Every structure is written in C-alpha cells, then in structure tokens.
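**Student:** Provided below are the primary sequence and the corresponding predicted coordinates.
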Amino acid sequence: MRLKTSYSAREVAALTGLTARQLQTWDATGVFAPAIAPRRTAQGGFTERRYTPVDVLELAALADLRRRGFTPALLRAMMDTLRTCFRRRLAETLDDAGELRLLTDGRGLFLRTQQGHVFDLLADPSQPLVTADGLPLEAVRPAGRRRKVSRSGKRRRASRPAAG
C-alpha cells in the first residue's frame, strides 16, 4: 500500500467519522488547521483544504475525543497547551514509545512523561500532579471510523429531516 501525501476533506471525513463541515469549522475556530492551507486561485476562489497523513492521525484522535464528549473549545485548549507549553504536536503524544503520552479519564486530558510525571492539560499544565495513581487514566488512541455502509455495499448518506 502506498501512502498518500495529502488527503481531501472528503477523504478525511470518511477516515475519521468527522464531517467536512466540522473540519471547516475547526479550521475557522482554531481547533485544527490543515498543514496544507487553501490558497487563492487565479480566478479569485480558493483551493480545497488538504491534509497530510499526520493531520489525519491527529484528526482521528480528536474525533475520538469529541465522541467522548470533549467540546471543541477544550480540544483547542489542549492543542494550544501541547504547542505552547510542551512544544509538541498531538501526533507525538499518541505513541506509547514517545517521550510524552496523552491520557484521559473521560473528563480531563493529561500528559504523562517517560519519568512518570502527569500534567493536567486543561487545568494547570505547568505543574505535575502530586499524585495521579488514583486516576483511571487510559491512553488516547486515534480511532479511524468509516461511514456506515448499506447491505448492498454502497455508502449511505446521513438521513436529513424532511423540510416542513
């Protein structure tokens, strides 16, 4: 299998379970901007958003956190904290072998170092927690999610309520 160098918003939506509208909104509100930004064309329009393989990995993890109930504002705060306080991309915290590991207890987002220090990314990321032993922390993993497929093998579109 050959890895693609970039993915369209439609491809990312199919791989992560996010919608193209969510991707557009997350870009506009600063939750997640694609590495390959749209650019102005000679006709005055813009090219489509393109996402790198690392972007897709990070978006799959963000989609999983969103499904767990984390708001876009909390996801943006986490991304900002990773970037400013720890100088890391989200993808660098998704591998068990990395220096830092992103964890959650379902309510908060935490970062564990190889030395075992745990930082609360949403409350006070500058100070490690005194004890994190009692927290039921689990690693955040990028979970790809495909759209539902009908019995005939064709992809189904989400049903929309009838206009009324």
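**Tutor:** That came in fine, so what should we check first? Residues are numbered from 1 along each chain as shown.
**Student:** where along the chain do the strands fall?
**Tutor:** Counting by DSSP state E, the chain has strands at residues 7-8, 50-51, 100-104, 109-113, 118-120, 138-139.
**Student:** ok, and what's touching the fifth one?
**Tutor:** Counting by CB atoms under 8 Å, 6 or more residues apart in numbering, strand 118-120 makes contact with 103, 108-113, 125-129, 132, 135, 137, all of which sit outside it. Every C-beta, even on glycine, is put in place using the N, C-alpha and C of the backbone.
**Student:** Run through the helices of the protein in chain order.
**Tutor:** 9-16, 20-29, 53-67, 72-84 (DSSP state H).
**Student:** could you dump the strands of the chain to TSV with mean neighbour count and mean pLDDT?
**Tutor:** Listed next are those as TSV, based on neighbours: other CB atoms under 10 Å; pLDDT from 0 to 100:
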stretch	mean neighbour count	mean pLDDT
strand 7-8	18	93
strand 50-51	22	94
strand 100-104	21	94
strand 109-113	21	93
strand 118-120	19	93
strand 138-139	12	88
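**Student:** out of those strands, which comes closest to residue 71?
**Tutor:** strand 109-113 (11.6 Å; CB to CB).
**Student:** Show me where this protein dips below the pLDDT cut-off.
**Tutor:** 1, 131-134, 144-164 (pLDDT under 70).
**Student:** Count the neighbours of residue 87 for me.
**Tutor:** 8 (other CB atoms under 10 Å).
**Student:** And residue 24, by the same measure?
**Tutor:** 12.
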